[in-house]
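# Output the structure for:
(2 chains)
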Number of protein chains: 2
Amino acid sequence: MAKQDPDLSPLFHALADPTRRAILTRLAQGPAPVTDLARPTGLSLPTVMRHLAVLEDAGLIATAKDGRVRTCAIVPAALDPVRTWLDDQRALWEARLARLDAFVTSMMKEHDP
Amino acid sequence: MAKQDPDLSPLFHALADPTRRAILTRLAQGPAPVTDLARPTGLSLPTVMRHLAVLEDAGLIATAKDGRVRTCAIVPAALDPVRTWLDDQRALWEARLARLDAFVTSMMKEHDP
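Predicted structure coming up:
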């Protein structure tokens, strides 16, 4: 049981909160200033800033400051490792089903050649 | 910014740990008793049991006790909501790119009809 993918942990951790997922969904539609992101959450600005820091540390968003306005944008490729992990899990599972199928088929042939 | 998907949080939380992901990868290849899952982690049995409880609470694995042996198995369909969320995010992002493309094309036509 290798632990080959430590970089997935901050990604999954960042996605494990409904406010952070809602921010990502909003940003998928285009970049937005922090204040615009905070408004619909009903949360304080410092709380939203903490959520944004978790998303930025995980590489899921990038932020840039222009004067007094900090704008956030998603980094779409950051979700690729999550997709790859899910695909790998499915491949393992399907390979196991294929082995089971082959086993059952061979058992049936043995009993009813 | 709706928070429509509270059930995704325990799933992402369960996946945010390398030991828990390694256990899922092992179980994708077939069911296994708890002691077999614990051995390669180098962790104590109570610690592994806590990880298994997080996975079971999220619906990612099912466990069954036969005599003194508790066996774990993955629930492959439990990852479907994660896949759906990722697909939805990608669809939003691609729709945004399509709108940007259409905008740039219309601007080019306006300037060079």
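# Go ahead and confirm A:A16 touches B:D17.
No - between A:A16 and B:D17 there is no contact under C-beta atoms under 8 Å: 10.5 Å. Bear in mind the C-beta positions are built from the backbone N, C-alpha and C, glycine included.
# any common contacting residues for those two?
Overlap of the contact sets of A:A16 and B:D17 (by C-beta atoms under 8 Å, 6 or more residues apart in numbering or on different chains) is empty.
# Pass me the low-pLDDT residue ranges in chain A, would you?
A:1-6, A:113 (pLDDT under 70).
# And the strands in it?
Applying DSSP state E to chain A gives strands spanning A:32-33, A:61-66, A:69-74.
# Can you add distance to chain B and mean neighbour count and give these back as TSV?
TSV is the format used below for the strands of chain A (distance: least, C-beta to the nearest C-beta, whole Å; neighbours: other C-beta atoms under 10 Å in any protein chain shown):
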stretch	distance to chain B	mean neighbour count
strand A:32-33	10	16
strand A:61-66	12	14
strand A:69-74	7	17
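# Format those as a markdown table; extra columns: distance to B:T41.
Output for these, formatted as a markdown table (distance: least, C-beta to C-beta, whole Å):
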| stretch | distance to B:T41 |
| --- | --- |
| strand A:32-33 | 42 |
| strand A:61-66 | 33 |
| strand A:69-74 | 34 |
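# Would you mind telling me which of the ones you listed is nearest B:P40?
strand A:61-66 (35.4 Å; C-beta to C-beta).
# Tell me which residues are up against that closest one.
So strand A:61-66 is contacted by A:23-24, A:27, A:34, A:52, A:55-56, A:70-75 (C-beta under 8 Å, 6+ apart).
# That'll do, ta.
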